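Visitor: need coordinates for the following:
(one chain, ligands or ions: 2)
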Amino acid sequence: MNLKDLQNDWINEFSKPLIIAGPCSAESEAQMMETAQRLKESGAEVPVFRAGIWKPRTKPNGFEGVGVIGLNWLKKVKDEFGFKTATEVANAHHVYAALEADVDILWIGARSTVNPFTVQEIAVALKGTNKPVLVKNPVNPDLALWIGALERLLGQDVKNLGVIHRGFSSYQKTKYRNLPNWQIALDFKHQYPNIPMFVDPSHICGRRDLLSDVTQEAFNVGYEGAMIESHCNPDAAWSDAAQQITPEVLAEMFGNLQIRNSDISGFDEEMGKHRALISDIDFQLIELLSNRMKISEKIGALKKENNIAIFQPDRWKVIAEYASARAEESGMGKDFIEKVFKAIHEESIEVQNNIMIDK
Ligand code: PEP
Ligand code: MN
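Guide: Residues are numbered from 1 along each chain as shown. Ligands and ions are numbered 1, 2, ... in the order given. Below is the predicted model:
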């Protein structure tokens, strides 16, 4: 069987978009129960409650999850409030314990998806399960590795699948914790329209104020659901405090999002895709320009130290000629590119000037 042939009817049990919410980590029974109760009372349509029991942390000696005791709390959340439950599994032992505790949906984290040995071990432990298994994108932007993880699961007869876009790490500091890459996610969707795709705005953003825009962007391009972190007392969370929101804020956020009907015309979805790709590019343009200006500041400081004039006509000539030659090669108007580079150059001179006069 091929990934393209999967039916994935499991998602039709839920109304769309399917929201999976709950704390980054299970911390105590009281924290789990309060979060679940408030999610229920908030009016948000959240059929599935998530909580990490085993936490992959960047550095040792931090909180690494409560372990199997947290599975009892998930069970309690299910029994008392009627949620389905979801947790992350990162090795075969986690899988056995989660299946034993009847967790409803399992996910493979970004740090596991990168490692084929880990994915294979998890897949073998899951052999033949009917439970939905969601695979987060690997931390690096590698579509084949992401798809490979799904193939490993399918190879063990795990047929209820889904994927989660949680963004990609980058060395450069940006406003996102993990850069969204709508292009890769859309390429995935294009190849496998039958596999439900979720957005994880929490791990993309790393901070609360960006969650709504990222989730909206995903819904605009037809994502089937979202996995989002919600905690009864976000600032006191033991992991990922800055990105978690209260159940009430979550309910308000989803109340304000535009949720597309599944029968929306092709035009809106097509437009949403183009806009998402333009967002990727605009973000990169701004990052690049900002980096360029930071280098200009350094040049300004060097020129100041060595008493060199800011405007170097020869240098500008080289930049302008290179830009127009590249413009022609890439099929863009020379005049347009000249205007853009003139504006960049003017700003760069301004930045250097400010350094010279110590502004
Ligand atoms: C999580 O969902 O809490 C988590 C650890 O996510 P990721 O695998 O995306 O880092
Ligand atoms: Mn988290």
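
Visitor: host element of Val163?
Guide: Val163 belongs to strand 161-165 when assigned by DSSP states H and E.

Visitor: give me every residue that touches the nearest residue to Ala276 once chain neighbours are set aside.
Guide: The shortest distance from Ala276 to any non-neighbouring residue, by Cβ to Cβ, 6 or more residues apart in numbering, is to Trp182 (3.8 Å). Bear in mind the C-beta positions are built from the backbone N, C-alpha and C, glycine included. By Cβ atoms under 8 Å, 6 or more residues apart in numbering, the contact list for Trp182 reads Glu217, Val221, Lys273, Ala276, Leu277, Ser279, Asp280.

Visitor: cutoff 10 Å now
Guide: 165, 189, 199, 214, 217-218, 220-221, 272-273, 275-281, 283 (Cβ atoms under 10 Å, 6 or more residues apart in numbering).

Visitor: got it, and Ala97?
Guide: Ile53, Trp54, Gly67, Val68, Gly70, Leu71, Thr87, Val89, Val103.

Visitor: run a quick neighbour tally on the third one.
Guide: Spelled out, that is Gly67. 13 (other Cβ atoms under 10 Å).

Visitor: how about the fifth one?
Guide: By the measure other Cβ under 10 Å, the count of residues near Gly70 is 23.

Visitor: and the contacts of the helix or strand containing it?
Guide: Applying DSSP H and E as the criterion places Gly70 in helix 69-81. Contacts with helix 69-81, where a contact means Cβ under 10 Å, 6+ apart, come from 22, 25-33, 35-37, 39-41, 49-54, 66, 83-87, 94, 97-98, 100-104.

Visitor: and it, average pLDDT?
Guide: The average pLDDT within helix 69-81 is 98.

Visitor: what residue in this structure comes nearest to ligand 2?
Guide: Closest residue of the chain to ligand 2, Cβ to the ion: Cys24 (3.3 Å).

Visitor: which helices and strands does the longest helix anywhere in the chain pack with?
Guide: As assigned by DSSP state H, the longest helix anywhere in the chain is helix 266-305. Contact here means 3 or more Cβ pairs under 10 Å, 6 or more residues apart in numbering; DSSP states H and E; on that basis helix 266-305 packs against helix 182-191, helix 211-220, helix 334-356.

Visitor: 6 Å instead, please
Guide: On a contact count with 3 or more Cβ pairs under 6 Å, 6 or more residues apart in numbering; DSSP states H and E, helix 266-305 meets helix 182-191, helix 334-356.

Visitor: how far does it sit from its chain's centre?
Guide: In terms of Cα atoms, centre = their mean, to the nearest Å, the centre of helix 266-305 is found 19 Å from the chain centre.

Visitor: next: stretch 329-349.
Guide: Offset of stretch 329-349 from its chain centre (Cα atoms, centre = their mean): 33 Å.

Visitor: which residues make contact with it from outside it?
Guide: If you take Cβ atoms under 6 Å, 6 or more residues apart in numbering as the criterion, stretch 329-349 is touched by Ser296, Ile310, Ala323, Ser324, Ala327.

Visitor: switch to 7 Å and redo it
Guide: Met293, Ser296, Ile310, Phe311, Trp316, Ile319, Ala320, Ala323, Ser324, Ala327, Glu328 (Cβ atoms under 7 Å, 6 or more residues apart in numbering).

Visitor: ranking those residues by neighbours, who comes first?
Guide: Ranked by neighbour count (other Cβ under 10 Å), those have Ser296 at the top, with 21 neighbours.

Visitor: the closest residue to ligand 1 within the stretch 201-350 of the chain - how many residues pack around it?
Guide: Nearest residue of the stretch 201-350 of the chain to ligand 1 (Cβ to the nearest ligand atom) works out as His203 at 4.2 Å. Residues near His203, counting by other Cβ under 10 Å, number 24.

Visitor: show me what contacts it?
Guide: Arg166, Gly167, Arg177, Asn178.

Visitor: one step back: just the buried ones from the contacts of Trp182, in ChimeraX syntax?
Guide: To isolate the buried subset of the contacts of Trp182 in ChimeraX, counting by 16 or more other Cβ atoms under 10 Å, use the following:
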select :165,189,199,214,217,218,220,221,272,273,276,279,280,283
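
Visitor: one step back: report all helices and strands that the strand holding Val163 contacts.
Guide: strand 133-136, helix 143-155, strand 197-199 (3 or more Cβ pairs under 7 Å, 6 or more residues apart in numbering; DSSP states H and E).

Visitor: and the ones you listed as a markdown table, adding distance to ligand 1 and mean pLDDT?
Guide: As requested, those are arranged in a markdown table below (distance: least, Cβ to the nearest ligand atom, whole Å; pLDDT from 0 to 100):
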| stretch | distance to ligand 1 | mean pLDDT |
| --- | --- | --- |
| strand 133-136 | 5 | 98 |
| helix 143-155 | 12 | 98 |
| strand 197-199 | 11 | 98 |
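
Visitor: rewinding a little: next one: the next helix or strand after the helix holding Gly70, is it in contact with ligand 2?
Guide: Downstream of helix 69-81, the first helix or strand assigned by DSSP H and E is strand 84-88. No - Strand 84-88 stays clear of ligand 2 (Cβ under 5 Å from the ion), getting no nearer than 9.1 Å.

Visitor: quick one: mean pLDDT for the helix or strand just after strand 84-88?
Guide: Using DSSP H and E, the next helix or strand after strand 84-88 towards the C-terminus is helix 92-100. Mean pLDDT, helix 92-100: 98.

Visitor: buried residues in helix 92-100?
Guide: His94, Val95, Ala97, Ala98.

Visitor: wait, doesn't the last one sit right on Leu106?
Guide: It refers to Ala98. Yes - applying Cβ atoms under 7 Å, one finds Ala98 in contact with Leu106, separated by 5.8 Å.
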